[in-house]
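# need coordinates for the below:
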Amino acid sequence: MVCLVSRTGRQFQRYNKGRRQVVGCIPYRFKLSSDGKLSDEVEVLVISSQKGHAMMFPKGGWELDESVEEAASRESLEEAGVLGNVEHQLGKWDFLSKSRGTYYEGLMFPMLVTEQLELWPEQHARQRAWMNVENAREACRDWWMKEALDVLVERLSSPMNQPKEEKTISISIETMC
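As a prediction, the model looks like this:
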């Protein structure tokens, strides 16, 4: 059985000191060179907001019944239609929600994409686009997501900054229901 429905509602959301906790991913891949080999150039996947006015990385509420890595993976599947390996956390940011006027706590993770789905839960509500880092940074609406992208770029360009052991979480479509 395959379930392609996004979770909705906030009754099972996590909060920390009154701030809703949201988790997101920066889906990335290494671009193929003209000879078909992987290059060092990184592309990241950005998505449109549900109203289509802004570009961002997949993110959403962290629910009580999942780990932070599972939440990050679920959001990437629901909003961007990608599966992959969630890697070591990029950081934590406190930010003001423009739509709600309240502060949120945002945690961001990189996700090395292993599969891009043709069908995904929010495909009719969002657009997705692979971009080079410079274009993605310019297109991304949120300052804290731009900072997370900077952390990812630094990590990928400097092996000394990568953690010795990376925790990877893979999620299958069947576990989404």
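
# okay, and the beta partners of the spatially most central residue of the chain?
Within the chain, one residue has its C-alpha closest to the average C-alpha position: by Cα atoms, centre = their mean, that is Cys25, at 1.9 Å. Partner residues in beta bridges with Cys25: Phe109, with DSSP bridges as the criterion.

# quick check: it touching Pro58?
Yes - Cys25 is in contact with Pro58 according to Cβ atoms under 8 Å; the separation is 5.5 Å. For the C-beta atoms, the positions are set from N, CA and C on the backbone; glycine is no exception.

# return the distance of Leu156 relative to Arg29.
Noted for Leu156: a distance of 11 Å to Arg29, by Cβ to Cβ, to the nearest Å.

# now swap in Met145 and tell me
For Met145, the distance to Arg29 - Cβ to Cβ - is 18 Å.

# what is the neighbour count of the nearest residue to Ala136 once chain neighbours are set aside?
Nearest non-adjacent residue to Ala136, counting by Cβ to Cβ, 6 or more residues apart in numbering: Val44, 4.7 Å away. The number of residues packed near Val44 is 26, by other Cβ atoms under 10 Å.

# which SSE is Val44 in?
strand 38-48 (DSSP states H and E).

# thinking again about what came up before, mutual contacts of Leu156 and Arg29, please.
Residues within reach of Leu156 and of Arg29 at once, by Cβ atoms under 8 Å, 6 or more residues apart in numbering, are Val42.

# can you give me the helices in this structure?
Taking DSSP state H as the criterion, the chain contains helices spanning 68-75, 133-139, 143-157.

# check contacts around the residue located most distally from the centre of the chain.
Distance to the chain centre peaks in the chain at Asp35, reaching 29.4 Å (criterion: Cα atoms, centre = their mean). Residues touching Asp35, when contacts are defined by Cβ under 8 Å, 6+ apart, are absent altogether.
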